[in-house]
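[1] give me the fold of what follows.
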Amino acid sequence: MNQIILADNQAIFRAGAARVIALEDDMRLVAQCEDLARLSNAIDAWRGAIVLFSSSMQLDAGSVIARIQAVGSRAIFIAENGTEVPEDLARALDGVLFRNVPGPGLLECIRRVAAGDHSFQHSNVTSILAQDSVGARVRDRLTPKEMQIVALIVQGCKNKLIATQLNTKEQVIKNYLRSIYDKTGVSDRLELALFTIHHRVLAEAATRASDLLQQAKTA
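    Residues are numbered from 1 along each chain as shown. Predicted coordinates for the structure are as follows:
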């Protein structure tokens, strides 16, 4: 049984990855961590595990890898879509994934690393942009307000908090979500978040919407 530790500060991504891993008979997700303290405790508690940790947590990757290796565990790095992983960091890792990795790719990487191999998913920004016509089409269909809601959904916010952030009522957010689901072809908030994460063009638009919202709130 492969014991998996998943460390990522994006709750929706953790939930999606957990759902994929939970269906596999040879894998057990033993810890989900959203910060360094929880990750450190999990590394110490589950020696010999496979540890997936994301660049979005902004950790000292070298120190985390050293700690993982010290207890006989193996390290897989989750990089943001389209970014480059420094060569010296890649050499220290057992695997590299990008956030838009599909479920089968995630499982294949974990199994290869568990078998003692290395697994590195390569980022090709040009092909991602060229092939992501679906993400671009959905992005162009969403209104600025809908894009803000998508951004908050990806961050794991519930409807009540989204309503507070946008100075409106919870029922209004529910109405917006119905429209967003229709435009994206998904059926719930988890599918919406995963759809956004997996389409780089849409994910970038959501990030910009989030940044603009934060700027407006601090202005």
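
[2] which stretch of helix or strand covers A66?
    A66 is part of helix 61-70 when elements are defined by DSSP states H and E.

[3] work out the gap between the next helix or strand after that helix and the centre of the chain.
    Per DSSP H and E, helix 61-70 leads on to strand 74-79 as the next helix or strand towards the C-terminus. Computed by CA atoms, centre = their mean, to the nearest Å, the chain-centroid distance of strand 74-79 equals 12 Å.

[4] re earlier: using CSV, list the CA coordinates for the helix holding A66.
    Coordinates of the C-alpha atoms in helix 61-70 are reproduced here as CSV (Å, rounded to 0.1, in the frame of the first residue of the first chain):
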residue,chain,number,x,y,z
ALA,A,61,11.9,23.3,-1.4
GLY,A,62,15.5,22.3,-0.7
SER,A,63,14.8,22.0,3.0
VAL,A,64,11.5,20.1,2.5
ILE,A,65,13.2,17.6,0.1
ALA,A,66,16.0,17.1,2.6
ARG,A,67,13.5,16.4,5.3
ILE,A,68,11.5,14.0,3.1
GLN,A,69,14.6,12.1,2.1
ALA,A,70,15.9,11.9,5.7
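
[5] and it, what does it pack onto?
    Other elements packing on helix 61-70 under the criterion 3 or more CB pairs under 8 Å, 6 or more residues apart in numbering; DSSP states H and E are helix 36-45, strand 50-54, strand 74-79, helix 87-92. All C-beta atoms are positioned from the backbone trio N, CA, C, and that covers glycine.

[6] report the rounded mean pLDDT for the shortest one.
    The reference is to strand 50-54. Averaging pLDDT along strand 50-54 gives 96.
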